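Visitor: A structural model of the following input is requested.
(chains A and B)
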Amino acid sequence: MQEIIKQNALSIEKSRPGRRGVRFEKPQYTPDHYVPARYLRTHAPRLPQLSELDTVRHFTNLSRQNYCLDSHFYPLGSCTMKYNPKAYDVLSVLPALAQAHPFAPQEAVQGTLEILYNLQEMLKEITGLSAFTLQPAAGAQGELTGILTARAYFDAQKDKKRTEVIVPDTAHGTNPATSHMAGYSVINIKSGPDGCVDKEALKNALSERTAVVMLTVPNTVGLFEKDICEIADMVHAAGALLYMDGANFNALIGVAKPASFGVDLMHLNLHKTFAAPHGGGGPGSGPVGASEKLAPYLPKPLVEKRNGKFFLNAKMPKSLGRMKAFYGNIAVCMRAYCFLRQYDAQTLKDIAENAVLNANYVRVLLKDAFPAFFDAPCMHECVLTLQKDKMNGVRTADIAKRLLDYGFYAPTIYFPLIVPEALMIEPTETESKEMLDLFVQAMRCIFEEAAHEPQTVHDAPHAQPVGRIDEVSAAREPNLRW
Amino acid sequence: MFIPHTPEDKKEMLQAIGFRSVEELFAHIPPALRYPAFDLPAALDENALTVHMQQLAAKNKPLLHFIGAGCEEHFIPAAVNALSSRGEFLTAYTPYQAEASQGTLQTIYEFQSCICELFDMDVCSASHYDGATALAEACAAALRVNNKSKILYSAGLHPHYKEVLKTYLKHVPGLQLEEVPLQNGTVDLNALKEKLTPQVSCFAVAGPNFLGQLEPLEDISALVHGAGALLVSVAKPLALGVLHTPGQYGADFAVAEGQTLGNAMNFGGPGLGIFTCKKEYMRQVPGRIVGIAKDKAGKRSFVLTLQAREQHIRRERAASNICSNQALCALNAVIYLTLLGYAGLREVAELNLEKAHTLKDMLVADGHKLKFDGLFFNEFVLELNTPAKQVIKKLAKKGIAAGFDLGTVRKEWKNCLLVCVTETKTRADLEKYVQAMRGV
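Guide: Sure, this is the predicted structure:
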């Protein structure tokens, strides 16, 4: 019995035949009164049978086995784990918003449409782009939307020879995967010794076959692409388009507008920069912005305004089509709208400035123990590496697990791929100096442990509900359901 | 907002890292592009924001909903949101550090299990964006399985699903997408038989379909498999409390929109993409999957698994570019299913079935005509004497969302109204609807 409690019994293991949670009114007839037997289910699914209290305890206790932003510093690089204000939990799902049907008469959903329209407008203003679609459900779907927008544009120009997308070796895995889904072949280019795009490599890769160059700005080593304007010129001179992966926009918001760099298309992650919570993996939201010449090719419909009324405009003959059912992850868009309404033209830059300050603070204070792979001021995140000779065989994965014992979630590890033993740390603007000091202290303790008691680090974590998990064992004989 | 630094903190931090000002940290951005002007509205504090959002929300008119068409209003027990809104679930990331994420991981494993049971399928992913994208990914997976060059899909698919299918597969070299027509509201089996050539990779069909009609899925499955193709079905999760399951009729891939399981409508998003398949196609599943593992002491634990399919490992050779899932919506679904159990789910399904049939009978008795005479679950099509568009307008004035205008899908259906009835409707609601429909 104790073993079951320790092992976190599954709901189905707690199930008792005949036990119930919610009840509904009794129907008058059995289903075969309405539908012949051959259309009916033949056997019962094995769903748990629990009382409401059983269910509440089960999920409450499971929740307590999670580290989360509300309880722990979560310096997960590239994920922008900033505070998710509690007000938006309520305001994003006010009953009249949550109960709006996507096919309700548009006069009945003017409030919803007004919010979405104004969100589109604000995203245009902070990026400098001409149009925004809120349809993409996540960053990766935003990328696909952007690349398909480019493709629809080239197809409309009857430009069939452009079959390639250029991606730097520091890119998120989604960039090449997206390009492949859009039917392009992927040309990978190496980064220069300073962690930025190697212009020579880019020049050699660009040709009349290039459709799009995808760049993450700042890039995944946390550095601003200092030659971005020149790169944009090179891309445009080749007749190609510049796509900006906006996953790292927290470094730029309020400080610069991507359109001014020469960016043609970009996506934003509302669950990163715009304070929507991650929910254990989603839902996210990945709106895509486009320059004037690309705007007609965005997915339809867009929210528009005429004579003071808001409406969904599906009359977009050049549109690439539709990326998902309905109009986007609206509840997430609502949160982003709330977030943006708490800033104005003067204070918007505070987000990026404090995010960048925090990242540099951590980078400099950890310099002697865990040096930055590229020794330069970083933007919203810093990518550190290990000094192999001082680590006694302790690896980045060990440090990540040991951090959990110290009460911190782990940074992103082993990414970007060009950095050996990478630790990618993104504190965000909502963490205080005291929290960063504690984190630095924990990292230093682990550095000392590596020198004096490496086994403690190798064996971490020690204070979690389970010990180090053998991930390979799960893939060997997959058990994916009860 | 939400930035904790005092001016002293900033000064100390800058000093500690050897910078004079924060601006210096942005020196590598070309000066001419730094700090542009922004035209943004005035900032609101929490109090003002609350008033502002309430005012905007008040511009939405509450309606008595009889619209479905892929997004439905269902009763959500209070415990669902009470549990899923806990910060421990809401503010966690994708569970990369499994040891500190067992809560999220176990809930996803339980979600996968409940859905496999409900659908009678072997494997379920941690979830996809929505039903439409799950369908597109399932068809892409079918192509990877058998390497054929044609996809057939039923004209009875949700129009948005068809559009997404085209968007996702438009650029697959040499691929043909072909629609199979309907006959009296369900798949034309003769047309299907004719179109099932050896090049066909899969047939995508929804049951119940967009018109609410039940499809003879056993017959369809036999035809499709007989022609050496795969069956991709779009199921309706709540309906599986009573209706035949994808496993029962032999679907190879079964997907669905899971919003109806404990998630609010939210103007159509976020949805919950359910993606299931037979065991042999496990390695073609896009996105996250949770599996059971052992920790080093041999204790049962949960972890993201089969990651060799995914974009962060395989990059351009990945099964899909997806990296997020709809974990929070999946959590709502698994809490909902755990609270209801099969007994509760069956009741909800039976109530949908019964109330929809009750309203249909009341309308027919009142002189209205049905467009199709087939079987249905909780949606049916009325053929009116006037355009559905006008009827919808009239009823909206009476506070009723009358249904979905099928004229927006096909011109000759301009007088057709797709009506949905769920367990949320009372006898009085049904009477109010019938009353309002008099004389339209």
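Visitor: any idea how far chain A is from the spatially closest residue to B:Ala227 that is not a sequence neighbour?
Guide: In this structure, B:Ala227 finds its nearest non-sequential neighbour in B:Leu196, 3.7 Å apart by C-beta to C-beta, 6 or more residues apart in numbering or on different chains. Using the backbone N, CA and C atoms, a C-beta is placed for each residue, glycine as well. To chain A, B:Leu196 is 22 Å away according to C-beta to the nearest C-beta, to the nearest Å.
Visitor: how about B:Leu196, what does it touch?
Guide: By C-beta atoms under 8 Å, 6 or more residues apart in numbering or on different chains, B:Leu196 lies in contact with B:152, B:203, B:223-224, B:226-227, B:229.
Visitor: Of the residues you listed, keep whichever come out buried.
Guide: Listed as buried from those are B:152, B:203, B:223-224, B:227, B:229; burial here means 16 or more other C-beta atoms under 10 Å in any protein chain shown.
Visitor: per-residue confidence at the closest residue to B:Gln307 other than its chain neighbours?
Guide: Using C-beta to C-beta, 6+ apart and skipping residues adjacent in sequence, the residue nearest B:Gln307 is B:Ile313, 5.7 Å away. On pLDDT, B:Ile313 comes in at 83.
Visitor: Would you verify that B:Ile313 is located in a helix?
Guide: Yes: applying DSSP: H, G, I helix; E, B strand; the rest coil, one finds B:Ile313 inside a helix.
Visitor: related to what we said a few turns ago, among the contacts of B:Leu196, which one lies nearest to chain A?
Guide: Nearest to chain A among the contacts of B:Leu196, counting by C-beta to the nearest C-beta, is B:Leu223 at 15.8 Å.
Visitor: Figure out the helix or strand that the closest one lives in.
Guide: helix B:217-226 (DSSP states H and E).
Visitor: Test of understanding: give the bridge partners of A:Ile425.
Guide: A:Leu76, A:Cys382 (DSSP bridges).
Visitor: Which element, helix or strand, includes A:Phe447?
Guide: Using DSSP H and E, A:Phe447 falls in helix A:433-452.
Visitor: Same check on B:Ile292?
Guide: strand B:290-295.
Visitor: in its sheet, what does that strand sit against?
Guide: Its sheet considered, strand B:290-295 pairs with strand A:469-470 (antiparallel), strand B:300-304 (antiparallel) by DSSP bridges.
Visitor: out of those strands, deepest packed?
Guide: Among the strands paired with strand B:290-295, strand B:300-304 has the highest mean neighbour count (mean count of other C-beta atoms under 10 Å in any protein chain shown), at a mean of 25.
Visitor: Let's test this: mean pLDDT of that strand, rounded?
Guide: Rounded mean pLDDT across strand B:300-304 is 96.
Visitor: Shouldn't B:Ser233 be within a helix?
Guide: No: counting by three-state DSSP, one finds B:Ser233 to be strand, located in no helix.
Visitor: That one reaches B:Gly250, doesn't it?
Guide: No: judged on C-beta atoms under 8 Å, B:Ser233 makes no contact with B:Gly250 at a distance of 9.4 Å.
Visitor: higher neighbour count, these two?
Guide: More neighbours surround B:Ser233 than the other of B:Ser233 and B:Gly250, with 30 against 17 (other C-beta atoms under 10 Å in any protein chain shown).
Visitor: Show the contacting residues for that one.
Guide: Neighbour list for B:Ser233: B:204-207, B:217, B:246, B:249, B:251, B:253-255 [criterion: C-beta under 8 Å, 6+ apart].
Visitor: Apply 7 Å and report the result again.
Guide: With contact set as C-beta atoms under 7 Å, 6 or more residues apart in numbering or on different chains, B:Ser233 has these partners: B:205, B:207, B:217, B:246, B:251, B:254.
Visitor: For it, give its distance to B:Ala206.
Guide: B:Ser233 sits at a distance of 7 Å from B:Ala206 (criterion: C-beta to C-beta, to the nearest Å).
Visitor: still on that earlier bit, how about the contacts of B:Ser233 in TSV, adding secondary structure?
Guide: Below are these laid out as TSV (three-state DSSP):
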residue	secondary structure
B:Val205	strand
B:Gly207	coil
B:Leu217	helix
B:Pro246	helix
B:Ala251	coil
B:Ala254	strand
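Visitor: and which of those is nearest to B:Val123?
Guide: Nearest to B:Val123 among the contacts of B:Ser233: B:Ala254, at 10.4 Å, using C-beta to C-beta.
Visitor: since we're on that closest one, how many residues are nearby?
Guide: Residues lying near B:Ala254 (other C-beta under 10 Å) number 28.
Visitor: Let me know the pLDDT of it.
Guide: 98.
Visitor: sorry, back to before: quick one: which two of the buried ones among the contacts of B:Leu196 are the most distant?
Guide: Top of the distance list for the buried ones among the contacts of B:Leu196 (C-beta to C-beta): B:Leu152 and B:Leu223, 10.7 Å.
Visitor: near chain B, which residues of the stretch 151-300 of chain A?
Guide: Contacts of the stretch 151-300 of chain A with chain B, taken as C-beta under 7 Å from any C-beta of the partner chain, map to A:151, A:173-174, A:176-183, A:186, A:224, A:226, A:229, A:255-257, A:260-261, A:277-284.
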